[in-house]
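Novice: I need the structure of the sequence given here:
(one chain, ligands or ions: 1)
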Amino acid sequence: MREGDHVLGRYTRRIATQPHTLIAQADPLCNLACSYCYLPFKIRRNPMSDEVAEAVARSAADFASPGAPIDLVWHAGEPTTLGVPRFGRIIAPFEELRTEGLLRHFMQTNATLIDDRWCEFLAEHEFRIGVSIDGPAALNRHRAAAGGRPAFPLIMKGIDRLRSHGIGFSVIAVVTTESITHPEDLLDFFVSLGCASVGFNIEEQEGVNSARPTPTFEQAVEFWRRTITWTRRNTGLTVREVDRLGGYLRARRTGDGWLSTLIDPIPTISAAGDVVLLSPELADTTAPAYDDFRAGNVLEQSIASMLENARRLKYVDEFLTGLDRCEETCEFFGFCRGAQAGNRYFETGRFDTTETSHCRVSKQALVVALSDTVREEHAA
Ligand code: SF4
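Specialist: Prediction:
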């Protein structure tokens with residue numbers, strides 16, 4: 001076997017050659033000032049140009065096929081700060097793909113600027129919406145508007161608009177050291193919002209958020225144990241992490257291919273057209289040792305050709321070593337498959353490491369919580 005074949009095989013054994021998801025930054029600007037935000041350039045206005053948007057659309061077309069549309073998530077910065085006319089211009093190059101069923105738009109938004117005009121636009125272009133809200137007012141206080149004012153009333157106003165237009169949405173909530181002891185209050189609140197699903201991101205040290213306290217492993221086990229118990233008594237709200245664990249257990253029982261699941265390279269395109277792979281959190285991060293994680297720029301080459309060369313990027317190569325080490329040493333690898341590249345970097349400064357506090361509170365604690373639940377039920 002030639003050296004090149006070996007390197008390629010090492011990559012394709014772990015990482016999908018074709019992405020299912022692209023993440024795009026319409027503008028780094030965000031109108032909120034959340035205390036845990038990881039984005040370094042959120043106060044800078046720098047909208048995606050028409051040329052970059054057209055180049056992203058050309059690249060997206062390479063990955064789309066009938067029956068398997070590519071998902072395009074508008075995120076990293078608050079897309080609605082651009083206003084409907086400017087944002088409409090950015091997504092114009094994707095219309096042909098979308099109307100042919102080859103591309104689906106998603107938007108992760110803080111909802112504070114969502115009004116009737118936005119709702120009409122989002123419905124017309126069949127956006128799938130994710131709202132960032134952390135819980136009821138008392139548990140949402142780290143999401144703040146300018147001057148430290150609570151963002152909660154503004155978010156609720158936006159959610160109210162979405163609901164009045166019949167636009168469904170999911171929620172992503174950051175779980176802080178305050179809210180981690182209140183899982184039932186969070187879950188009951190999200191049911192009251194009428195959202196279909198919630199994903200919990202346990203607060204972690206990431207990007208420029210490196211000084212705040214983060215929840216412990218023991219707190220996370222208890223949080224997941226009570227969340228699992230809640231989900232067994234309540235239907236109608238999908239908890240992303242519990243659902244994923246259920247999917248893993250089902251796959252183990254039926255022999256379905258969980259173990260052959262490949263990591264989506266999730267190309268993330270900045271407003272300037274730079275592309276990073278594996279973790280959107282790496283975008284806009286200055287790291288000279290890794291060439292700022294740039295796989296390329298869409299104005300110079302297609303994302304498909306960046307992916308063909310991805311195995312040669314230093315951080316991708318190190319990440320593959322980290323995955324090998326995880327598989328050799330970690331009893332949770334079967335479920336986890338190696339967790340996030342970005343967390344390895346932000347916690348350890350490299351990618352060939354294994355355990356991080358992120359994987360402990362988000363992956364390991366979840367499995368331990370389930371096994372504690374089963375043990376308790378057997379004992380009872
Ligand atoms: S739980 Fe952590 S150490 Fe274990 S496989 Fe996942 S990332 Fe690696």
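
Novice: mind listing what the closest residue to the ligand within the stretch 101-250 of the chain touches?
Specialist: Going by CB to the nearest ligand atom, the ligand is nearest to Phe217 of the stretch 101-250 of the chain, at 11.5 Å. (C-beta placed from N, C-alpha, C; glycine too.) Neighbouring residues of Phe217 by CB atoms under 8 Å, 6 or more residues apart in numbering: 357, 360-361, 364-365.

Novice: just checking, which of these belong to helices?
Specialist: 357, 365 (DSSP state H).

Novice: now, which of the contacts of Phe217 lie close to the ligand?
Specialist: Of the residues in those, proximity to the ligand by CB under 6 Å from any ligand atom holds for Gln364.

Novice: Next one, pLDDT for the residue nearest to Ala341 when sequence neighbours are not counted please.
Specialist: Spatial nearest neighbour of Ala341, excluding adjacent residues (CB to CB, 6 or more residues apart in numbering): Leu278 at 4.0 Å. The model reports Leu278 with a pLDDT of 96.

Novice: Likewise for Asp50?
Specialist: Looking at Asp50, its pLDDT stands at 96.

Novice: what bits of the stretch 1-150 of the chain have low per-residue confidence?
Specialist: 1-7, 37-43 (pLDDT under 70).

Novice: and the residue of it found nearest the ligand, how many residues sit next to it?
Specialist: Proximity of the stretch 1-150 of the chain to the ligand (CB to the nearest ligand atom) peaks at Arg14, 12.1 Å away. Using other CB atoms under 10 Å, Arg14 has 16 neighbouring residues.

Novice: go on, Glu95?
Specialist: 13.

Novice: so which strand or helix has it?
Specialist: Taking DSSP states H and E as the criterion, Glu95 maps to helix 95-99.

Novice: What count of nearby residues applies to the residue lying closest to Ile15 once chain neighbours are set aside?
Specialist: In this structure, Ile15 finds its nearest non-sequential neighbour in Ile263, 4.9 Å apart by CB to CB, 6+ apart. Neighbour count for Ile263, taken as other CB under 10 Å: 18.

Novice: Verify the stated contact: Ile263 with Thr17.
Specialist: No - applying CB atoms under 8 Å as the test, Ile263 and Thr17 come out as separate, 11.2 Å apart.

Novice: neighbours around Thr348, how many?
Specialist: 14.

Novice: The helix or strand containing His105 packs against which elements?
Specialist: Under the criterion of DSSP H and E, His105 resides in strand 103-109. With contacts taken as 3 or more CB pairs under 8 Å, 6 or more residues apart in numbering; DSSP states H and E, strand 103-109 sits against strand 70-74, helix 95-99, strand 128-132.

Novice: got the angle between it and strand 128-132?
Specialist: 20 degrees (axes from the mean of the first three to the mean of the last three CA atoms, to 10 degrees).

Novice: Pull out the buried residues from strand 103-109.
Specialist: Under the neighbour-count criterion of 16 or more other CB atoms under 10 Å, strand 103-109 has 103-109 buried.

Novice: likewise stretch 119-128?
Specialist: Neighbour-count burial for stretch 119-128 [16+ other CB under 10 Å]: 119, 121-122, 125, 127-128.

Novice: what do you get for stretch 140-154?
Specialist: Quick answer for stretch 140-154 (16+ other CB under 10 Å): 140-145, 151-152, 154.

Novice: Equivalent analysis for stretch 305-312, please.
Specialist: Counting neighbours by 16+ other CB under 10 Å, one finds that the buried residues in stretch 305-312 are 306-307, 310-311.

Novice: can you check stretch 46-57 too?
Specialist: Applying 16+ other CB under 10 Å to stretch 46-57 flags 47-48, 52-57 as buried.

Novice: Repeat that for stretch 160-178.
Specialist: Neighbour-count burial for stretch 160-178 flags 161-162, 167, 169-176, 178 (criterion: 16+ other CB under 10 Å).

Novice: can you check stretch 333-342 too?
Specialist: 333, 335-342.

Novice: Give me the subset of those that also touch the ligand.
Specialist: Within the buried residues of stretch 333-342, those near the ligand by CB under 6 Å from any ligand atom are 333, 336, 338-339.

Novice: re the thing from before, make JSON lines from the buried residues of stretch 46-57 and add secondary structure and distance to Val298 to it.
Specialist: Listed next are the buried residues of stretch 46-57 as JSON lines, based on DSSP: H, G, I helix; E, B strand; the rest coil; distance: CB to CB, whole Å:
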{"residue": "Pro47", "secondary structure": "coil", "distance to Val298": "15"}
{"residue": "Met48", "secondary structure": "coil", "distance to Val298": "10"}
{"residue": "Val52", "secondary structure": "helix", "distance to Val298": "6"}
{"residue": "Ala53", "secondary structure": "helix", "distance to Val298": "9"}
{"residue": "Glu54", "secondary structure": "helix", "distance to Val298": "9"}
{"residue": "Ala55", "secondary structure": "helix", "distance to Val298": "4"}
{"residue": "Val56", "secondary structure": "helix", "distance to Val298": "6"}
{"residue": "Ala57", "secondary structure": "helix", "distance to Val298": "10"}
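
Novice: Return the member of those nearest to Asp115.
Specialist: Pro47 (19.6 Å; CB to CB).

Novice: My read is that that closest one contacts Asp27, right?
Specialist: Yes - between Pro47 and Asp27 there is a contact at 4.5 Å, judged by CB under 8 Å.
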